[in-house]
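Enquirer: turn this into a structure:
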Amino acid sequence: MSELPTETLTLLFSDMECSTRLLQGWDDTWKPAHRFHVQPHALRDFAAMCHYHQTSPQSTFTQQQVSTLPTPSGRITLSDQRLITTRDGERKERVLTDQDYREVLADQFGIVLSP
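Expert: As a prediction, the model looks like this:
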């Protein structure tokens, strides 16, 4: 398994909005990554959106194949036939052949498809 990215993460608290923002950055450049509330929720509170993401024709997760992992210097993502690598803030993208797709899926994600 890959090590987690080494980029710096920080929390920014904002009482006026009753929310917390997670910022991420490298080389003294910061950008918002997530905004969330710290109010506790029961797992059942997420059931409707989980169902949506798993079943809706409008959900990205039902319309394409997506695999993504953090790497020590960024992230690697396989989205349908596109391989997206982000290293030290630089993003590269390329379209894969069917054979390349299977090889990347196996080598980078440990997923082997049956023939």
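Enquirer: which residues touch the longest helix anywhere in the chain?
Expert: Of all the elements of type helix in the chain, the one with the most residues (DSSP state H) is helix 98-109. Outside helix 98-109, the residues within contact range by Cβ atoms under 8 Å, 6 or more residues apart in numbering are 67, 69, 76, 78, 81, 83, 96, 111-113. For every residue, glycine as well, the C-beta is placed using N, CA and C.
Enquirer: what does stretch 51-67 give?
Expert: With Cβ under 8 Å, 6+ apart as the criterion, stretch 51-67 contacts 77-80, 105, 109, 111.
Enquirer: how about a cut-off of 10 Å?
Expert: Residues outside stretch 51-67 that contact it (Cβ atoms under 10 Å, 6 or more residues apart in numbering): 46, 49, 76-82, 101, 104-105, 108-111.
Enquirer: and the helices in this protein?
Expert: Residue ranges of the helices in the chain, as given by DSSP H, are 47-55, 60-63, 98-109.
Enquirer: lowest-confidence stretch among those helices?
Expert: Ranked on mean pLDDT, the bottom entry among those is helix 60-63, at a mean of 88.
Enquirer: which parts of stretch 98-111 are buried?
Expert: Neighbour-count burial for stretch 98-111, with 16 or more other Cβ atoms under 10 Å as criterion, is recorded at 101, 104-105, 108.
Enquirer: can you report how many residues lie near residue 78?
Expert: Using other Cβ atoms under 10 Å as the criterion, residue 78 is surrounded by 21 other residues.
Enquirer: I misspoke; the intended subject was residue 113.
Expert: A total of 8 residues lie near residue 113 under the criterion other Cβ under 10 Å.
Enquirer: show me what contacts it?
Expert: By Cβ under 10 Å, 6+ apart, the neighbours of residue 113 are 101-102, 105-106.
Enquirer: and residue 91, by the same measure?
Expert: 74-75, 77, 84-85.
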